[in-house]
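Colleague: fold the following and give me the result.
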Amino acid sequence: MSNSTQTTVAAHKRLPKGKNGGIELLLIQNVDHLGKQGDVVEVKKGYALNFLLPQGMAIIATGHHKRMVEKHRARLLEIERKRLAGLQQLADLIGKQSLTIEANATDDGHLYGSVGAVEIVDALKGVEIHIAEDQVRLQGPLKELGLYTVRIHLHQQIECDLKVWVVPTSAA
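Modeller: This next block holds a predicted model:
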């Protein structure tokens with residue numbers, strides 16, 4: 001075995017096991033459906049090694065890291081509170097918006113294509129609001145002209161509604 005392979009194998013053997021046989025990790029940031037920043041969670045080995053650790057969302061939960069988190073928990077809570085306040089301001093701003101998206105349509109109002117999350121995100125960028133496509137929660141693509149209320153998911157605790165007008169493309 002090469003030296004790097006031995007290091008990798010040795011590192012995997014040292015991963016802290018939880019009560020249920022999974023890997024104990026300390027979350028560096030909030031992860032939907034898993035936990036909040038500073039939580040010690042137990043996940044399957046593959047999820048830890050292939051996603052959480054490489055994405056920088058978690059670190060291995062050593063005794064030292066756990067003590068450090070307890071020591072800095074108040075500061076972490078303050079950082080999270082400020083982050084949530086910023087997201088709430090963004091939600092309030094989005095809630096006040098009314099977007100107009102032009103699309104090619106038939107005379108009876110059916111779109112030739114559809115309006116989806118990509119078009120909504122692009123329209124929001126036009127008014128200096130930047131969100132990710134996966135934060136737009138559509139029941140399905142918008143296929144007709146009209147007014148729609150679209151759910152925007154900014155955080156586990158923060159969602160807002162956005163008014164989207166789908167109008168026919170104006171003739172140039």
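
Colleague: look up how far residue 117 lies from residue 138.
Modeller: For residue 138, the distance to residue 117 (CB to CB, to the nearest Å) stands at 6 Å. Yep, even glycine has a C-beta here, placed from its N, CA and C like the rest.

Colleague: where do the strands sit along this protein?
Modeller: Using DSSP state E, the strands of the chain run over residues 23-27, 40-43, 58-60, 98-103, 110-115, 136-137, 142-144, 146-155, 158-168.

Colleague: of those strands, which is nearest residue 34?
Modeller: Among the strands of the chain, strand 40-43 comes nearest to residue 34, with 5.8 Å by CB to CB.

Colleague: and the closest one, average pLDDT?
Modeller: Strand 40-43 shows a mean pLDDT of 90.

Colleague: next, the buried residues of the helix ranked longest in the chain.
Modeller: Using DSSP state H to define each element, the chain has its longest helix at helix 63-95. Within helix 63-95, the residues that count as buried by 16 or more other CB atoms under 10 Å are 65, 69, 84, 90, 91, 94.

Colleague: what's the domain layout of this protein?
Modeller: When the chain is parsed with automatic domain parsing, its domains come out as 3-61, 92-168.

Colleague: which residues does residue 39 contact?
Modeller: Residue 39 makes contacts with 26, 27, as judged by CB atoms under 8 Å, 6 or more residues apart in numbering.

Colleague: again with residue 51
Modeller: So residue 51 contacts residue 57 (CB under 8 Å, 6+ apart).

Colleague: one more time with 10 Å
Modeller: Residue 51 makes contact with 31, 43, 57, 58 under the criterion CB atoms under 10 Å, 6 or more residues apart in numbering.

Colleague: can you name the two of those that are farthest apart?
Modeller: Within these, 43 and 57 form the most distant pair, 10.6 Å apart (CB to CB).

Colleague: who has more neighbours out of those two?
Modeller: Between residue 43 and residue 57, counted using other CB atoms under 10 Å, residue 43 has the larger neighbour count: 21 against 17.
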